[in-house]
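Sequence first, then the predicted structure, then my questions.
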Amino acid sequence: MQCPSCQHTDDKVLESRTIQTGSIIRRRRECNQCSFRYTTYEKIEAQPLLVLKKNGKKQPFTKEKLLIGIQRAFEKRPIPFSDIKDLAGQIEETIRQQFNFEISSSDVGKITLEAIFKIDQVAYLRFASVYQTFDSIEEFKHLVNQLQNREIYQPIL
């Protein structure tokens, strides 16, 4: 590890602790040359996961892109950003547990819809309107009617 202050490579670890369910280690370090203290984080590098798009192209799965889509669905809803960020983390964890190397964009959408549904039905409708690419207002009305008429709410996939 290189000291951010003097770029010396000799340091000592003062303390270590795990964070985020043990998947990240936080270490407090001190440079042996200039005594500058700094924090580093160690995280297991996850196996790259590819998303198979509808057009046949593949691209790497990124939590950031998922978070942007979820944020749009929750825009102007009374949900704190920290909860939205946690939701994106939970969805990513679910995806990585269920899929090893590749996942279709439709599977990402289904998993995301299911998670959003549990929190906010308006955000669910917003996300569904993009994910399901409605061709007409009637299709959207049908989805709203399905939500309104259910006594026990379940995601409509």
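It's in.

Using PDB, write out the CA atom coordinates for the lowest-mean-pLDDT helix or strand in the chain.
Counting by mean pLDDT, DSSP states H and E, the chain has its least confident helix or strand at helix 137-149, which shows a mean of 84. Output of helix 137-149 as PDB, limited to C-alpha atoms (Å, rounded to 0.1, in the frame of the first residue of the first chain):
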ATOM      1  CA  ILE A 137     -52.300   3.500 -22.900                       C
ATOM      2  CA  GLU A 138     -54.700   0.600 -22.700                       C
ATOM      3  CA  GLU A 139     -51.800  -1.800 -21.700                       C
ATOM      4  CA  PHE A 140     -50.800   0.700 -18.900                       C
ATOM      5  CA  LYS A 141     -54.400   1.000 -17.800                       C
ATOM      6  CA  HIS A 142     -54.600  -2.800 -17.600                       C
ATOM      7  CA  LEU A 143     -51.600  -2.900 -15.300                       C
ATOM      8  CA  VAL A 144     -53.100  -0.300 -13.000                       C
ATOM      9  CA  ASN A 145     -56.400  -2.100 -12.900                       C
ATOM     10  CA  GLN A 146     -54.700  -5.300 -12.100                       C
ATOM     11  CA  LEU A 147     -53.000  -3.600  -9.100                       C
ATOM     12  CA  GLN A 148     -56.200  -1.900  -8.000                       C
ATOM     13  CA  ASN A 149     -58.300  -5.100  -8.100                       C
END
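
Can you name the residues that contact residue 125?
143-144, 147 (C-beta atoms under 8 Å, 6 or more residues apart in numbering). In this view, the C-beta of every residue, glycine as well, is placed from N, C-alpha and C.

Mind checking what secondary structure the nearest residue to residue 71 once chain neighbours are set aside has?
Closest residue in space to residue 71, ignoring its immediate chain neighbours: residue 84 at 6.0 Å, by C-beta to C-beta, 6 or more residues apart in numbering. Three-state assignment for residue 84 (DSSP: H, G, I helix; E, B strand; the rest coil): helix.

what's the burial count for residue 84?
Look at residue 84: counted by other C-beta atoms under 10 Å, it has 21 neighbours.

ok but residue 78 is inside a strand, no?
No: secondary structure assignment (three-state DSSP) places residue 78 in coil, not in a strand.

Can you tell me how far it is from residue 86?
16 Å (C-beta to C-beta, to the nearest Å).
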